[in-house]
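Undergrad: Coordinates for the following, if possible.
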Amino acid sequence: MNINFSSNYEIKQFIAIALNEDLRDGDQSSLSCIPALKTDTAKLLVKDHGIIAGVELAQTIIEMVDPQLEMEVLIKDGSNVHPGDIVFYLNGKTHSILKSERLILNFMQRLSGIATTTGIFVSAIEGTSCQLLDTRKTTPGLRLLEKWAVEVGGGKNHRIGLYDMIMLKDNHIDAAGGIEKAIALAHEYRMETNPSLKIEVETRSIEEVMMVLSSGHVDRIMLDNFNSNQISEALALIPSQIETEASGGITLTNLHEYATTGVNFISVGALTHSVKALDLSLKILK
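TA: Numbers count the residues shown, from 1 in each chain. Prediction:
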């Protein structure tokens, strides 16, 4: 996912909302004790091992807070970082640096945590043909950024939202009256509205896999909460032109075992819904 942060209206709008949430009628702490024209230099300091993400986003935040702030980037997005590394320097009005400090850190710590977690998972399946996918289990309002961070860490994006793929999960199947009926209706809808939409169907057993295969018109089969032996059994039945995805109950401990079955994709919600933020700080130089 390529994002031009400086021109992306959705992201800039979100930054504006976040700045207003923090500032309202002013940074009373800075206003109370720091002269308005004072200038300083600050550094973004890394205090943990990981993958940095959000440098370009920080540049956009800075431009929106104060276009006169100068940013010297030393480490780019996607780079491995270590405690003591300096990602960038900021130079300009102290008030402006402090206005942008918390928002920069809130974004960069979370996005770097996502990129770092993703990088660890990607390393676990290195040497296999399997690709690691994210899910829609993202923070409301931050989906584009969090999915971007997954790619920074070496993962791949699943669908961005409900609008760019037909995914028939258990609730859709149950509400539609069964797998065959759900697939038939989805295919009919696709042909009438957007023939390029892909159809993916969630299956919960080998029997459901067989039902999907007999129905046809499906581009990908999700094997949900299958163990690795059941994945292998299902893959023996599924023709190569249909993509396969394993999901549910997959952790870093068993990830490689699943990847070696030959499944095309593994989707992991933990890449975005339960990551540990990377420890960063923005410090004014004394």
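Undergrad: Quick one: the strands in the stretch 101-250 of the chain, in order.
TA: With DSSP state E, counting those that start in this stretch as the criterion, the stretch 101-250 of the chain has strands at 131-133, 166-168, 199-203, 220-224, 243-247.
Undergrad: Kindly reformat the ones you listed as TSV containing distance to Phe121, mean neighbour count and mean pLDDT.
TA: (Glycine included, C-beta is placed from N, CA and C.) Formatted as TSV, the entries for those read as follows, by distance: least, CB to CB, whole Å; neighbours: other CB atoms under 10 Å; pLDDT from 0 to 100:
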stretch	distance to Phe121	mean neighbour count	mean pLDDT
strand 131-133	6	21	98
strand 166-168	21	21	98
strand 199-203	21	23	98
strand 220-224	18	22	98
strand 243-247	13	22	98
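Undergrad: Quick one: closest of these to Val122.
TA: For Val122, the closest of the strands of the stretch 101-250 of the chain is strand 131-133, at 5.4 Å, according to CB to CB.
Undergrad: Name the residues that touch that closest one?
TA: Taking CB atoms under 8 Å, 6 or more residues apart in numbering as the criterion, the residues outside strand 131-133 that touch it are 118, 121-122, 125, 154-158, 245, 264-268, 271.
Undergrad: are any of those buried, and which?
TA: Burial by neighbour count, judged by 16 or more other CB atoms under 10 Å, picks out 118, 121-122, 125, 154-158, 245, 264-268, 271 from those.
Undergrad: Next up, the contacts around the residue lying closest to Lys169 once chain neighbours are set aside.
TA: With CB to CB, 6 or more residues apart in numbering as the criterion, Lys169 has its nearest non-adjacent residue at 4.5 Å, and that residue is Glu202. Taking CB under 8 Å, 6+ apart as the contact definition, Glu202 lies against Met167, Leu168, Lys169, Asp170, Ile173, Met222, Asp224, Ser247.
Undergrad: Leu197 now?
TA: With contacts defined as CB under 8 Å, 6+ apart, Leu197 is in contact with Asp164, Met165, Ile166, Arg190.
Undergrad: let's see it at 7 Å
TA: Contacts for Leu197 were tallied using CB atoms under 7 Å, 6 or more residues apart in numbering; they are Met165, Ile166, Arg190.
Undergrad: Next: Thr244.
TA: Contacts here follow CB under 7 Å, 6+ apart; on that basis Thr244 touches Arg220, Ile221, Leu223, Leu235, Ile238, Val263, Asn264.
Undergrad: One more: Ala42?
TA: When contacts are counted by CB under 7 Å, 6+ apart, Ala42 is found next to Tyr89, Leu90, Ile97, Leu282, Lys283, Ile284, Leu285.
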